[in-house]
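Participant: requesting a structural model of the entry that follows:
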Amino acid sequence: GTESVVLKVTEAWVATGRRVVLAAPAHRLNHYDRIGLNAKVIRAPFLWPRKGWQRVLRGLQRSGRAPASFQQILLSWRLRQISRQHHCTVAFIPWLFDLPNMRLSLPYGALAMDLAWHHFPAGAYSPRPNEILDERFLRWLDHAATYFPISDATAKEIMHSFPECSTPMKIIPHGADLINRSRCSSPSQTPLFIYPAGFSVNK
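Facilitator: As a prediction, this is how the structure comes out:
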C-alpha cells in the first residue's frame, strides 16, 4: 500500500514538471525500480557516500553499534545534505510508523496510513510499547506543516487519539483512482483471489 502511494505521488509531481528526489535505503530504491518508478525521479540512498571523510559516517550507519539517538542524528544530517544537494524546498514523509522524528530543515507533509498498533495485541505489531509509538507518531504530526489521513475513519481515529494535535489535515482516500473504473464482468463470473503483501499480524 505505501509503495503504491509513493509511486502515485511521484508520478503526479513529475507530471507537473517538479523535480522529485526519493530518499530511501538502497534496497527500497531497488524495489521501487522493480515496480516501475519513473526514470525522472532522482534516487538518493539514506547511507552516506563511500568517499572521503563520509566513509566514517557510512561505517557508523552500517554497523548499527551507535546509540539510537546518534543514528537519528546521522540520518537527519544525511537528509539535510540530500536536500541541499538537490535544492529541495519541501519534503513528504509517506511512512510515520515507528520512525524516529528527524531534524529536517524543510517544511514537510506526512501521510497517515493508520494507527494499527492500537488494534493488535501488545508486541505483535512492534516490539516497542504503544506509548513510544504514540509519542513518535504525535511528534511527527506536531512538526508537520500538514498531514494526510488516507480515510475519514483514520482521520477520526487520529483526532480521537490525539486531541492535542492542531496540525492541519487533508484527507486523501487511499485507492481513490479505482472508484470510477467499470467492471469487465459480473462478480459471479470473476474469481476473487486475495493475496496479502506480507506475512504479518495486521494482514
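
Participant: okay, CA-based contacts and neighbour counts for the rest of this
Facilitator: OK.

Participant: all strands of this structure, in order?
Facilitator: Counting by DSSP state E, one finds strands in the chain at the ranges 21-24, 42-45, 91-93, 108-112, 146-149.

Participant: mean pLDDT and mean neighbour count for those strands - can I get that in CSV?
Facilitator: Converted to CSV, these look like this (pLDDT from 0 to 100; neighbours: other C-alpha atoms under 10 Å):
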stretch, mean pLDDT, mean neighbour count
strand 21-24, 90, 18
strand 42-45, 90, 17
strand 91-93, 88, 17
strand 108-112, 89, 21
strand 146-149, 91, 21
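
Participant: Thr167 is nearest to which of those?
Facilitator: strand 146-149 (5.8 Å; C-alpha to C-alpha).

Participant: longest helix of this protein?
Facilitator: Longest helix in the chain by number of residues (criterion: DSSP state H): helix 68-85.

Participant: quick check: mean pLDDT across that one?
Facilitator: Helix 68-85 comes out with an average pLDDT of 84.

Participant: buried ones in that helix, by neighbour count?
Facilitator: Along helix 68-85, these residues count as buried under the neighbour rule (16 or more other C-alpha atoms under 10 Å): 71-72, 74-80, 82-83.

Participant: hang on, the earlier thing: got JSON lines for the strands of the chain, with distance to Phe193 too?
Facilitator: Converted to JSON lines, those look like this (distance: least, C-alpha to C-alpha, whole Å):
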{"stretch": "strand 21-24", "distance to Phe193": "31"}
{"stretch": "strand 42-45", "distance to Phe193": "34"}
{"stretch": "strand 91-93", "distance to Phe193": "31"}
{"stretch": "strand 108-112", "distance to Phe193": "27"}
{"stretch": "strand 146-149", "distance to Phe193": "27"}
